[in-house]
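[1] how would this look folded up:
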Amino acid sequence: MLFWLWLMLLGLITYLVIRRSVAHLTRTPVWLLWLVMMIPALTWVGWALLYGQQQPIPTVLVITPLIISPILYWVLVQQGRLPPPAPKPEALGLPDVAETSPPEADPPSTPLRPITKAEESQLHSCFPWTVYYLQDIEYRPQAVVCRGQLRTEPEVAYARVRDNIQQFFGDRFLVVFQDGGNGKPFFALVQNPQAGSRSVADPLSRVWTALGLLVITLFTTTLAGVELAGVETEAAQRDPSLLQHGLPYAIALLSILGTHEMGHYLTARYHGLRTTLPYFIPVLPFSFFPLGTFGAFIQIRSPIPNRKVLFDVGIMGPIAGWVVSLPFLFWGLSHSQVVPLSAELARTGGFSFAELDPKISLLLTLITKGILGSELHLNSAIALHPVAIAGCLGWVVTALNLMPVGQLDGGHIVHAMYGQRVGAAIGQIARFLILLLSLLQPYLLIWAIILFFMPTADEPALNDVTELDNGRDLFGLLALGLLVLIVLPTPMVVSRWLFG
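    Residues are numbered from 1 along each chain as shown. Predicted coordinates for the structure are as follows:
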């Protein structure tokens, strides 16, 4: 029964997300895209129904659907992609041909002009020569590219040019300032999809959606906590009072995940960005994935104005979540038991829900040794309390999000610190380093696979030229250092020194 409830809930959420996000972009039927995205869940639930929840799913059935599903989904979306709708003349600032005399026909090769000839002279006046000496204007189908010579500080130039353009064109364009790769930054005017919109607050229905998902996720994580606490599912169904054994895990995990997303949310709102409340993703626990949730997310619906805001929003989530995970981890470890290290865990390394090898992480080794002291030895493992499991999961979420790749939080951080091009190069290096590290820590292999399917390039901010201040650079280096301390396994010489 739980399998079918989980499938129905996950299937409904997946269908709504697909219909909302890509149904208007492709001719491919929504039901087919939904079926492709459900391949992993259908595969794992099918295995559990055939062989029981206690039978572990083969690795090939874990990894293969996760690889095939997003690739096939992308191919189907691209094959059926609809052409972008032709913009109306007034939306581009052009005179309506029905109301004016026919102009001279442009040759077929002439690109679309988002502004008129009269507006072009106004555009020239938006670039004072003491701020940014405009030399060339390029017209592209979706943008007006303005190239020239920067004559003052990037932040000053962007603010001055943006204000001038807003004075002449209102909110019709977004003003983008990017590095041209040759030391000469350029401006670009792109159509503002939110032009004329004054709505800032989220509709009440979305607030109820966020609260509803939170309540459902509290239920599914409580069920997961019951199983992690060693209570039989059948016994909990007969006696609902046993569900209280799952609440410590559920409250700890939702507090960590919720704080992570609220760190993003509050920072985004502080900088005036439109964003949704955190949405939790509930999932009924089963043998391979007994966590009760796939995490949480927010959607930022405003363009990022500059690299400072990109940095602040990106870094506050993982740092806030990690800080909140510490007291749960400390309390959970103090109520956990030290057990002999099993041969299976010693061979594969990593983290299981039955026991933890503290040598999986240098920082975790230091913390566990400080809490458990002389109880730990070189061949010891820890049978984790459910709250400690939630604390460890908080560390996993922090480390994964701090990976400096693409649109992960770490990708935003290195992009903000070093620029888009250098940030993408760092992402490439990070992917190969994680792949090499998986030779020592096999559990990282799935991370490496996921990272290689992520684009390394992050989306630019509107002002993507102005650099960060020294304080943010230092904070970013500390965050990347935290990632290294969490992911790097404890060297053997350190383990022998600590555990004797």
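[2] mind listing the strands for the chain?
    132-140, 143-150, 173-178, 186-191, 279-282, 293-297, 337-340, 380-383 (DSSP state E).
[3] list the buried ones in the third one?
    Buried residues in strand 173-178, counted by 16 or more other Cβ atoms under 10 Å: Phe173, Leu174, Val175, Val176, Phe177, Gln178. Every C-beta, even on glycine, is put in place using the N, C-alpha and C of the backbone.
[4] mind listing what Gln257 touches?
    Heads up, residue 257 is Leu, not Gln. In this structure, Leu257 makes contact with Phe280, Thr293, Gly295, Ala296, Gly321, Gly394, Val397, judged by Cβ atoms under 8 Å, 6 or more residues apart in numbering.
[5] wait, the first one sits on Thr217?
    Yes. With contacts defined as Cβ atoms under 8 Å, Phe280 counts as touching Thr217 at a distance of 3.9 Å.
[6] now for Leu444, how many residues are close by?
    22 (other Cβ atoms under 10 Å).
[7] same check on Gln337?
    A count of neighbours around Gln337, defined by other Cβ under 10 Å, yields 12.
[8] do I have it right that it meets Ile382?
    Yes. Counting by Cβ under 8 Å, Gln337 touches Ile382, with 7.2 Å between them.
[9] closest to Val131 out of the buried residues of strand 173-178?
    Comparing the buried residues of strand 173-178 against Val131 with Cβ to Cβ places Phe177 closest, at 11.9 Å.
[10] measure the closest one to Pro248 for me?
    For Phe177, the distance to Pro248 equals 49 Å [Cβ to Cβ, to the nearest Å].
[11] find the nearest non-adjacent residue to the residue nearest the centre of the chain, please.
    By Cα atoms, centre = their mean, the chain has its centre lying nearest to Leu408, at 4.5 Å. Distances taken as Cβ to Cβ, 6 or more residues apart in numbering put Asn401 closest to Leu408, at 5.6 Å, once the chain neighbours are dropped.
[12] and Ala188, by the same measure?
    Leaving aside its sequence neighbours, Ala188 sits nearest to Val176 (Cβ to Cβ, 6+ apart; 4.4 Å).
[13] for the closest residue to Gln428 other than its chain neighbours, report the pLDDT, please.
    Nearest non-adjacent residue to Gln428, counting by Cβ to Cβ, 6+ apart: Thr456, 5.4 Å away. pLDDT for Thr456: 78.
[14] how does this structure divide up, domain by domain?
    Using automatic domain parsing, the domain ranges for the chain come out as 1-82, 111-191, 203-499.
[15] now the second one: average pLDDT?
    pLDDT averaged over domain 111-191 equals 86, rounded to a whole number.
[16] same question, stretch 401-417
    92.
[17] next one: stretch 368-387
    The average pLDDT within stretch 368-387 is 85.
[18] among the contacts of Leu257, which ones are buried?
    When neighbours are counted using 16+ other Cβ under 10 Å, the contacts of Leu257 contain these buried positions: Phe280, Thr293, Gly295, Ala296, Gly321, Gly394, Val397.
[19] among those residues, which two are most distant?
    Phe280 and Gly394, at 14.8 Å, using Cβ to Cβ across those.
[20] what sits against the residue lying closest to Arg307 once chain neighbours are set aside?
    Nearest residue to Arg307, sequence neighbours excluded (Cβ to Cβ, 6+ apart): Ala416, at 4.2 Å. Neighbouring residues of Ala416 by Cβ under 8 Å, 6+ apart: Arg307, Lys308, Leu310, Phe311, Gly314, Gly423, Ala461, Leu468, Arg472, Gly476.
[21] of those, select the buried ones using a ChimeraX command.
    Entered in ChimeraX, the line below selects the buried ones among the contacts of Ala416, by 16+ other Cβ under 10 Å:
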select :307,308,310,311,314,423,461,468,472,476
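[22] just the contacts of Ala416: which are in helices?
    With DSSP state H as the criterion, helices contain Arg307, Lys308, Leu310, Phe311, Gly314, Gly423, Arg472, Gly476 from among these.
[23] nearest to Val231, of those residues?
    Gly314 (39.1 Å).
[24] residues touching the closest residue to Ile300 other than its chain neighbours, list them.
    Nearest non-adjacent residue to Ile300, counting by Cβ to Cβ, 6+ apart: Thr275, 4.6 Å away. By Cβ under 8 Å, 6+ apart, the contact set of Thr275 is His264, Tyr265, Ala268, Arg269, Ile298, Gln299, Ile300, Arg301, Ser302.
[25] from those residues, pick the one nearest Gly11.
    Gln299 (21.1 Å).
[26] and that closest one, how many neighbours?
    By other Cβ under 10 Å, neighbour count at Gln299 equals 12.
[27] got a list of what it touches?
    Each residue near Gln299 by Cβ under 8 Å, 6+ apart is listed here: Thr275, Thr276, Tyr279.
[28] closest one to Phe169 out of those, please.
    Thr275 (25.9 Å).
[29] ok, now how distant is that closest one from Ile165?
    For Thr275, the distance to Ile165 - Cβ to Cβ - is 25 Å.
[30] do Gln79 as well
    Per Cβ to Cβ, Gln79 is found 38 Å from Ile165.
[31] return the residues in contact with Leu228.
    Applying Cβ under 8 Å, 6+ apart to Leu228 gives the contacts Gly246, Tyr249, Pro290, Phe353, Pro386, Ile389.
[32] tell me if I'm right that the third one and Val226 touch.
    It stands for Pro290. No. Taking contacts as Cβ under 8 Å, Pro290 lies outside contact range of Val226: 10.2 Å.
[33] quick check: Cys126 touching Gln166?
    No. Cys126 is beyond contact range of Gln166, at 9.3 Å (criterion: Cβ under 8 Å).
[34] among those two, which residue is more densely surrounded?
    Shown here are Cys126 and Gln166; by other Cβ under 10 Å, Cys126 has more neighbours (23 against 14).
[35] let me see the backbone angles for the more buried one.
    Taking degrees, to the nearest 10, you get phi -80, psi -10 for the backbone angles of Cys126.
[36] the helices in the stretch 151-300 of the chain, which residues?
    Assigned by DSSP state H, counting those that start in this stretch, the stretch 151-300 of the chain shows helices spanning 154-169, 204-228, 233-238, 247-270.
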